[in-house]
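Participant: need coordinates for the following:
(2 chains)
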Amino acid sequence: MEIKGSVALVTGGGNGIGEAVAKHLAKHGAKVAIVDMVQKNVDRVVKDVKDMGGEAIGIQANVTSEADIARAIKGAVEAFGKLNIAVSCAGIIRDGTMLSLDKETGKVSKKLGLDKWQAVIDTNLTGTFLTMRDAAEAMVNGGWEGLLVPISSVNKVGQVGQINYSSAKVADALMPKIIVGEFLMRGIRNIRCVAIAPGYTATPMLTGMNQDALKAILEDVHLGRLVAPEEIASLIGHCVENEALNATTLEITGGLCYPNGIAK
Amino acid sequence: MQSISYNDMQFSVEKRGDRWDIIYQLPDGSSGVAGAGLFARLSESEAGPRALALIKTIFPVGIKSVGPDVTHPITIGDLKIIGPDVTHPNFIYWDKDSVSCPKEL
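Facilitator: Have a look, this model is predicted:
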């Protein structure tokens, strides 16, 4: 599938990886629906695409809402007449260990709250499911060629302190196998699904963190720096154009290793 | 250029080359780009209705019911809050979006 002339919807498109993906696709000729919770971020990215001479609409929406996702997809199709690419970049973190122990007694002093669990599952898993489901519905009913791109994470392997995030991201990583298998059973041959699992990426969340902590993280990255959001966007652009990529999850980490040098 | 007033917001549909931009302005004076580079080669009379339909999708008007707060304590200090009685068998606990409303109760 060519990027030029295609129509893409990007959730979390107001900053970080989503913004880079939206701009990369627009730069290469796609029409883009930018979906984000924060209206001012939506406005900024749409204006940037406009200044690039591209085509875009902005939709403020919460990916955990079934009604909001349905509205976003309806808006993309109303504006551009079809939908070909859906990338679910919207995601949050609410880190914490499942149990915290009192140092003196060794007894549990605190548990990870259900609010922290549910918020991450709702956004990172349910939001991705709703985006992929409704985008696929539009593509099938419209008869349009398509690519579904759930965004997973390298921490799908299981990161201490991220039982909520890792649980959601390993589920996101499984989606391509399940979705493409279902498509094969249903005779849907023109829609592919490829998930992307980024490593530590230079988003505002990471670049703004404690620099000593960031330096410690980078010691385990073979590349020696954070992955740039534009590099992830470029990989997604390649996935659009290379139709042999399908039913899989691609990692883009710069060579992230465990401290003893084993690739993660 | 075409002006549209909708839901206390002002929109202008502006021609740029052979395409159309939708600019919005809020009552506080702030503005943004709702859409850029749309409706290629359409005339103003064709682009206007398309823009209005898109505006209504992007900026929906409606009420989202988020109450009553069934976890709210029944008393505040020495004040007792009357109703709704969430333990009544006819009370329907509702925390879903309107699209999730069942066809039959």
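Participant: going forward, measure contacts between C-alpha atoms and count neighbours the same way
Facilitator: OK.
Participant: who's in contact with residue A:59?
Facilitator: The neighbours of residue A:59, taking C-alpha atoms under 8 Å, 6 or more residues apart in numbering or on different chains as the test, are A:33-36, A:39, A:42, A:72, A:75, B:34, B:58.
Participant: repeat that for residue A:61.
Facilitator: By C-alpha under 8 Å, 6+ apart, the neighbours of residue A:61 are A:35-37, A:68-69, A:72.
Participant: mind listing the helices for the stretch 101-250 of chain A?
Facilitator: A:114-121, A:127-142, A:163-186, A:204-207, A:211-218, A:229-241 (DSSP state H, counting those that start in this stretch).
Participant: export the ones you listed to JSON lines and append columns for distance to chain B, mean pLDDT and mean neighbour count.
Facilitator: Below are the helices of the stretch 101-250 of chain A laid out as JSON lines (distance: least, C-alpha to the nearest C-alpha, whole Å; pLDDT from 0 to 100; neighbours: other C-alpha atoms under 10 Å in any protein chain shown):
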{"stretch": "helix A:114-121", "distance to chain B": "15", "mean pLDDT": "94", "mean neighbour count": "17"}
{"stretch": "helix A:127-142", "distance to chain B": "13", "mean pLDDT": "97", "mean neighbour count": "21"}
{"stretch": "helix A:163-186", "distance to chain B": "22", "mean pLDDT": "97", "mean neighbour count": "20"}
{"stretch": "helix A:204-207", "distance to chain B": "23", "mean pLDDT": "75", "mean neighbour count": "12"}
{"stretch": "helix A:211-218", "distance to chain B": "35", "mean pLDDT": "83", "mean neighbour count": "13"}
{"stretch": "helix A:229-241", "distance to chain B": "21", "mean pLDDT": "98", "mean neighbour count": "19"}
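Participant: for residue B:21, give its distance to residue B:61.
Facilitator: Distance, residue B:21 to residue B:61, using C-alpha to C-alpha, to the nearest Å: 22 Å.
Participant: between the two, tell me which one has more neighbours.
Facilitator: Applying other C-alpha atoms under 10 Å in any protein chain shown to residue B:21 and residue B:61 shows that residue B:21 carries more neighbours, namely 23 against 10.
Participant: what's near enough to touch the more buried one?
Facilitator: Taking C-alpha under 8 Å, 6+ apart as the criterion, residue B:21 is in contact with B:13-15, B:33-38.
Participant: just to be sure, it is in a helix?
Facilitator: No. Assigned with DSSP: H, G, I helix; E, B strand; the rest coil, residue B:21 falls outside any helix and is strand.
Participant: list the beta-bridge partners for it.
Facilitator: Beta-bridge pairing for residue B:21 (DSSP bridges): residue B:14.
Participant: pLDDT score assigned to it?
Facilitator: In this model, residue B:21 is scored at 96, pLDDT.
Participant: count the residues that sit near residue 25.
Facilitator: Since you didn't name a chain, this refers to chain A. Neighbour tally, residue A:25, other C-alpha under 10 Å: 26.
Participant: sorry, I should have been clearer: chain B.
Facilitator: Neighbours of residue B:25 (other C-alpha under 10 Å): 17.
Participant: which SSE is the residue nearest to residue B:23 when sequence neighbours are not counted in?
Facilitator: Nearest residue to residue B:23, sequence neighbours excluded (C-alpha to C-alpha, 6 or more residues apart in numbering or on different chains): residue B:33, at 4.6 Å. Residue B:33 is part of strand B:31-38 when elements are defined by DSSP states H and E.
Participant: which residues touch that strand?
Facilitator: So strand B:31-38 is in contact with A:43-44, A:46-47, A:49-50, A:53-59, A:79-80, B:16, B:19-25, B:55, going by C-alpha under 8 Å, 6+ apart.
Participant: and that strand, average pLDDT?
Facilitator: 94.
Participant: elements contacting the helix or strand following it?
Facilitator: Proceeding N to C from strand B:31-38, the next assigned helix or strand is helix B:44-58, under DSSP H and E. For helix B:44-58, the packing partners by 3 or more C-alpha pairs under 8 Å, 6 or more residues apart in numbering or on different chains; DSSP states H and E come out as strand A:55-60, helix A:66-80, strand B:2-6.
Participant: got the buried residues for the first one?
Facilitator: Taking 16 or more other C-alpha atoms under 10 Å in any protein chain shown as the basis for neighbour counts, the residues of strand A:55-60 that come out buried are A:55-60.
Participant: pLDDT and distance to residue A:93 for the residues you listed - can I get that in CSV?
Facilitator: Shown next, in CSV, are these (pLDDT from 0 to 100; distance: C-alpha to C-alpha, whole Å):
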residue, pLDDT, distance to residue A:93
A:55, 97, 31
A:56, 98, 28
A:57, 98, 27
A:58, 97, 24
A:59, 97, 22
A:60, 95, 20
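Participant: skipping adjacent residues, who's closest to residue A:56 in space?
Facilitator: residue A:32 (4.7 Å).
Participant: pop the domain breakdown of chain B in here.
Facilitator: Chain B breaks down by automatic domain parsing into domains covering B:2-59, B:63-93.
Participant: hey, least reliable of those domains by pLDDT?
Facilitator: Among the domains of chain B, domain B:63-93 scores lowest, with a mean of 61.
Participant: report how many residues lie close to whatever residue of chain B ends up closest to chain A.
Facilitator: Nearest residue of chain B to chain A, counting by C-alpha to the nearest C-alpha: residue B:35, 4.1 Å away. Using other C-alpha under 10 Å, residue B:35 has 30 other residues around it.
Participant: with only the CA atoms kept, save the strand holding residue B:33 in CSV.
Facilitator: Taking C-alpha atoms only, strand B:31-38 is exported to CSV below (Å, rounded to 0.1, in the frame of the first residue of the first chain):
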residue,chain,number,x,y,z
SER,B,31,-8.8,29.7,17.8
GLY,B,32,-7.6,26.5,16.1
VAL,B,33,-7.6,24.6,12.9
ALA,B,34,-10.3,21.9,12.8
GLY,B,35,-9.3,20.7,9.4
ALA,B,36,-6.8,21.5,6.7
GLY,B,37,-6.6,20.8,3.0
LEU,B,38,-10.1,19.3,2.8
